[in-house]
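Participant: Build me a model from this:
(chains A and B)
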Amino acid sequence: MTPEMENFDGLRRVLKLKRYEQPPPGYFNDFSSQVIAQIKAGANAEPEQLSDRLSWEVPWLGRLLDAFQAKPALAMGFGTAVCALLVGGVIYSESLKFDPVKPITLLPETEEGVLLATPAVAPPGFGLKNPAEVAMAATGTNDSLNPIIPANGSLFDQFRINAQPVNFQLGGGN
Amino acid sequence: MCLKENPNMTKQAAAKTQTATANPDTTTGPAAPDVAAEQELVRRARRGDLEAYDDLVRRYQERIYATIYHMTANHEDANDLAQDTFIKAYQALKSFKGGSSFYTWVYRIAVNKTINFLKQRKNRSHMSLNDLDFNAEHDPDMLALVSDKTPRREANLNELQEKLNEALQKLSEPHRLVVTLHDVQGLAHDEIAEIMDCNIGTVRSRLFYARQQLQGYLSDYLK
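Facilitator: Residues are numbered from 1 along each chain as shown, chains lettered A, B, ... in the order given. The predicted model follows:
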């Protein structure tokens, strides 16, 4: 006999009384037919609530939602923590922002006095202050095959349409 | 509610009640040969076969009703919740993946629905207890409880039934549920853990605490 049975033997005997509590006679005879009738009638056809379904499909999430319902302060704390995490993430990502004009590492000067960079063949204008100016100087063009963005301009400047005001005058109109 | 003889109870039903009472462990899940039959019923029910679902309801209606009844101590609430449980289970049958048995799955739906209901009901509870089965009069344990020593001498089984239900209602829902499933319905610890989605250690500790609480509430009847 285990200690728990020794200690609670009397209680277990009293609890046995619960097993004698029975529903009214014949109650179960038509229980299932009532259930089936309700299913057929669609008496409970309203869409299943997400919280209901979560409670048995994902019990831990159901418990979390219950806890939030019971203690709004807990929900507020959770919301604050999520916001803080989000803001922290944004600030952190800002601090790691890539610097586009970061100088490339150059190898030491060779005997011939030529600077070697990696990659060996750098794209035209790479590493210069204003690549647009250099490229324009090299090609002398600014066409669609060589789309160079002006240093101070917008990406959409090349598509800018010059609008002119139009004045329609309708003669003899009423 | 009074202790009365149930004239409509057949000998077979009475024998069944007596067997279940004598050995509560018989109320555990379906036996191995039944598992295949149950799976077939579930497959058919998922395809919309209501006859198959009717069979499933008949298999578990008594256990589901009893669990809810012992939790709510109210027949009308238990009736509504039990019916609602089986209706919801049918509607959600397509999402039943078979990770656990249908029996455990339905139990889980019933338990969650009952706990949600009790949380909403809170202080509006009133007991509507079922009558005691006439076999209770002949149970030696029950006779011993009401025939010797004060205050038990004066108390009859109905009074004890009421006190017991009041004491159970004082427990928190998880503690009441563990006592109901283990001490009243005879489920094993691991089955309760699966139904309640917690580990066996939690079930054991809750059971111990709940029994301690009940022992305190019912100390007059346990002397």
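Participant: Now B:Asp197. Its backbone dihedrals?
Facilitator: Reported as degrees, to the nearest 10, the phi and psi values for B:Asp197 are phi 50, psi 50.
Participant: Report the secondary structure element holding the residue nearest the centre of chain B.
Facilitator: Centroid check for chain B by CA atoms, centre = their mean gives B:Thr67 as the closest residue, at 2.4 Å. Element membership of B:Thr67, judged by DSSP states H and E, is helix B:50-72.
Participant: can you pull the pLDDT of the residue nearest to the centre of chain B?
Facilitator: At B:Thr67, the pLDDT value in this model is 94.
Participant: Look up how far chain A lies from it.
Facilitator: For B:Thr67, the distance to chain A equals 11 Å [CB to the nearest CB, to the nearest Å]. Where you see a C-beta, it was placed from the backbone N, CA and C, and this is true even at glycine.
Participant: mind listing the strands for chain B?
Facilitator: Counting by DSSP state E, chain B has strands at residues B:131-132.
Participant: Any regions of it where pLDDT drops low?
Facilitator: B:1-33, B:122-125, B:147-155, B:223 (pLDDT under 70).
Participant: Just the buried residues of the helix holding B:Thr67, please?
Facilitator: B:50, B:52-57, B:59-72 (16 or more other CB atoms under 10 Å in any protein chain shown).
Participant: How about stretch B:201-215?
Facilitator: Under 16+ other CB under 10 Å, the buried positions of stretch B:201-215 are B:Thr202, B:Val203, B:Arg204, B:Arg206, B:Leu207, B:Tyr209, B:Ala210, B:Arg211, B:Gln213, B:Leu214, B:Gln215.
Participant: Pretty sure the last one sits against A:Arg13.
Facilitator: Put plainly, it is B:Gln215. No: contact criterion CB atoms under 8 Å: B:Gln215 and A:Arg13 do not qualify, at 11.9 Å.
Participant: quick one, what contacts B:Thr67?
Facilitator: B:Tyr107, B:Ala110, B:Val111, B:Thr114, B:Thr180, B:Leu181, B:Gln185 (CB atoms under 8 Å, 6 or more residues apart in numbering or on different chains).
Participant: 7 Å instead?
Facilitator: Residues in contact with B:Thr67, defined by CB atoms under 7 Å, 6 or more residues apart in numbering or on different chains, are B:Ala110, B:Thr180, B:Leu181, B:Gln185.
Participant: Let me know how buried the closest residue to A:Lys18 other than its chain neighbours is, in neighbour terms.
Facilitator: Nearest residue to A:Lys18 in three dimensions, chain neighbours excluded: B:Val184, at 4.6 Å (CB to CB, 6 or more residues apart in numbering or on different chains). Residues within reach of B:Val184, counting by other CB atoms under 10 Å in any protein chain shown, total 22.
Participant: same thing with B:Arg44?
Facilitator: For B:Arg44, the count of nearby residues is 16 (other CB under 10 Å).
Participant: do B:Ser95 as well
Facilitator: Neighbour tally, B:Ser95, other CB under 10 Å: 11.
Participant: before we move on, what about the one 10 residues further on?
Facilitator: The local packing count at B:Trp105 equals 23, with neighbours defined by other CB under 10 Å.
Participant: Next: B:Val35.
Facilitator: Residues within reach of B:Val35, counting by other CB under 10 Å, total 14.
Participant: From B:Gln169, how far off is the residue nearest to it when sequence neighbours are not counted?
Facilitator: Closest residue to B:Val35 apart from its sequence neighbours, by CB to CB, 6+ apart: B:Ser101 at 7.1 Å. According to CB to CB, to the nearest Å, B:Ser101 and B:Gln169 sit 30 Å apart.
Participant: Show me the shaky parts of chain A.
Facilitator: Residues of chain A that meet the criterion pLDDT under 70 lie in A:1-6, A:43-57, A:59, A:97-174.
Participant: Is it correct that B:Ile64 is in contact with B:Val111?
Facilitator: No: if you go by CB atoms under 7 Å, B:Ile64 and B:Val111 don't touch, sitting 9.5 Å apart.
Participant: ok, back up a step: and the helix holding B:Thr67, how far out from the chain middle?
Facilitator: Between the centre of helix B:50-72 and the centre of its chain there are 10 Å (CA atoms, centre = their mean, to the nearest Å).
Participant: Only C-alpha atoms, please: export it in CSV.
Facilitator: What follows is helix B:50-72, C-alpha atoms only, in CSV (Å, rounded to 0.1, in the frame of the first residue of the first chain):
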residue,chain,number,x,y,z
LEU,B,50,-23.8,10.4,-38.5
GLU,B,51,-24.6,6.8,-37.6
ALA,B,52,-21.0,6.2,-36.9
TYR,B,53,-20.8,9.4,-34.9
ASP,B,54,-23.9,8.2,-33.0
ASP,B,55,-21.9,5.1,-32.0
LEU,B,56,-19.0,7.2,-30.8
VAL,B,57,-21.3,9.4,-28.7
ARG,B,58,-22.9,6.3,-27.1
ARG,B,59,-19.5,4.9,-26.2
TYR,B,60,-18.4,8.0,-24.2
GLN,B,61,-21.6,9.8,-23.3
GLU,B,62,-21.7,8.5,-19.7
ARG,B,63,-18.0,9.3,-18.9
ILE,B,64,-18.1,12.7,-20.5
TYR,B,65,-21.4,13.6,-18.7
ALA,B,66,-20.1,12.3,-15.4
THR,B,67,-16.8,14.3,-15.6
ILE,B,68,-18.7,17.5,-16.4
TYR,B,69,-21.3,16.8,-13.8
HIS,B,70,-18.7,16.2,-11.0
MET,B,71,-17.0,19.4,-12.0
THR,B,72,-20.1,21.6,-12.1
